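the following block contains a protein sequence and its predicted model.
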Amino acid sequence: MTISRRDILTTGTLASIAAATTATSAGAADPIVSATPQLTPDAALRRLKDGNAGFVADRPVKSDLSRARRLALAEGQQPFATLVGCSDSRVGPEQLFGAGLGELFIVRTAGNNVDTAGMGSIEYSVTALGVPLVVVLGHEKCGAVAAAVDVVNKDVRLPGSIGRMIEPIIPSVLVARRAGATNETLLNRTIDENVRRMVDRLQNYSEPMLLEPQRQGKLKVVGAVYSLATGSVRWL
């Protein structure tokens, strides 16, 4: 088998990142916190759904916040899902899904879109930590999506970096409008479309480090939208 220089560099870089992010006073620790086999993609998704059901029913899961848990996590991590979500303060992934310390690898930006840093974070979680599930989570009444709708409908000009931040959402507004969304439904339709576009990007247009695990059945990428009022997560 021929190993290319790129393969060597990629493998070495990932190993270096894993070691650097889990270093302790005793030296570099293994990035995986437990020898327990990782969940399958479907089992990870079921765990999130069960956790959200408990949240909606006001029966939140009691997380392990003990000193023993913190000490274990200081040696490494084994999250079972990566959450690509919005920065909105009302949408805390751990609470919505009843997850505890070290269980979710979270990437959050306004409008749940990812730039190079976000994509690299997702790739790291899959390649170095073996995460079997990536969830793109939008939410109702998203301010970033609403801003993109205003740019399209009202030609609003946004200051500073905000305008550049919402640019990736504008195609979702246009798709929703072409699909027949009215002024009353455009925001919600765009929120759904924005999630679907990001899921499609991760499923079909990513680096091989995301595409290959999906082809092998080791990784699943799904989308969902959270209701602020009910607490429920609707899976797309």
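Arrived safely, thanks for sending.

quick one: the helices in the protein?
5-21, 41-56, 67-74, 93-97, 116-127, 143-154, 162-166, 170-178, 186-204, 208-215 (DSSP state H).

any chance of JSON lines for these, columns mean pLDDT and distance to residue 87?
C-beta: built from backbone N, CA, C; applies to glycine. As requested, the helices of the chain are exported to JSON lines (pLDDT from 0 to 100; distance: least, C-beta to C-beta, whole Å):
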{"stretch": "helix 5-21", "mean pLDDT": "47", "distance to residue 87": "22"}
{"stretch": "helix 41-56", "mean pLDDT": "97", "distance to residue 87": "20"}
{"stretch": "helix 67-74", "mean pLDDT": "94", "distance to residue 87": "24"}
{"stretch": "helix 93-97", "mean pLDDT": "96", "distance to residue 87": "11"}
{"stretch": "helix 116-127", "mean pLDDT": "96", "distance to residue 87": "12"}
{"stretch": "helix 143-154", "mean pLDDT": "96", "distance to residue 87": "8"}
{"stretch": "helix 162-166", "mean pLDDT": "94", "distance to residue 87": "10"}
{"stretch": "helix 170-178", "mean pLDDT": "97", "distance to residue 87": "18"}
{"stretch": "helix 186-204", "mean pLDDT": "97", "distance to residue 87": "14"}
{"stretch": "helix 208-215", "mean pLDDT": "96", "distance to residue 87": "23"}
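
now mean neighbour count too, for these, in a markdown table please.
Putting those into a markdown table (neighbours: other C-beta atoms under 10 Å) gives the following:
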| stretch | mean neighbour count |
| --- | --- |
| helix 5-21 | 12 |
| helix 41-56 | 17 |
| helix 67-74 | 12 |
| helix 93-97 | 21 |
| helix 116-127 | 17 |
| helix 143-154 | 19 |
| helix 162-166 | 15 |
| helix 170-178 | 18 |
| helix 186-204 | 20 |
| helix 208-215 | 15 |
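
out of these, nearest to residue 223?
Closest approach to residue 223 among those (C-beta to C-beta): helix 186-204, 4.1 Å.

which ones are touching the spatially most central residue of the chain?
By C-alpha atoms, centre = their mean, the chain has its centre lying nearest to residue 84, at 2.0 Å. Counting by C-beta atoms under 8 Å, 6 or more residues apart in numbering, residue 84 touches 107-108, 112, 114, 118, 122, 134-137, 198.

try residue 81
44-45, 47-48, 99, 103-105, 131-135.

one more time with 10 Å, if that's ok
Taking C-beta atoms under 10 Å, 6 or more residues apart in numbering, we find residue 81 in contact with 39, 41, 44-45, 47-48, 93, 97, 99, 103-106, 125, 131-135, 220, 222.

read off the pLDDT value for residue 61.
With respect to pLDDT, residue 61 has a value of 83.

isn't it up against residue 96?
No: assessed by C-beta atoms under 10 Å, residue 61 is found out of contact with residue 96, at 11.1 Å.

that older thread, filter the contacts of residue 84 down to the buried ones, ChimeraX style.
In ChimeraX, a selection of the buried entries from the contacts of residue 84 looks like this (16 or more other C-beta atoms under 10 Å):
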select :107,108,112,114,118,122,134,135,136,137,198
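
reformat the contacts of residue 84 as a markdown table; add distance to residue 73.
Below are the contacts of residue 84 laid out as a markdown table (distance: C-beta to C-beta, whole Å):
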| residue | distance to residue 73 |
| --- | --- |
| 107 | 19 |
| 108 | 20 |
| 112 | 26 |
| 114 | 25 |
| 118 | 23 |
| 122 | 20 |
| 134 | 21 |
| 135 | 21 |
| 136 | 25 |
| 137 | 23 |
| 198 | 28 |
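
I'm done for today, thanks for sticking with me.
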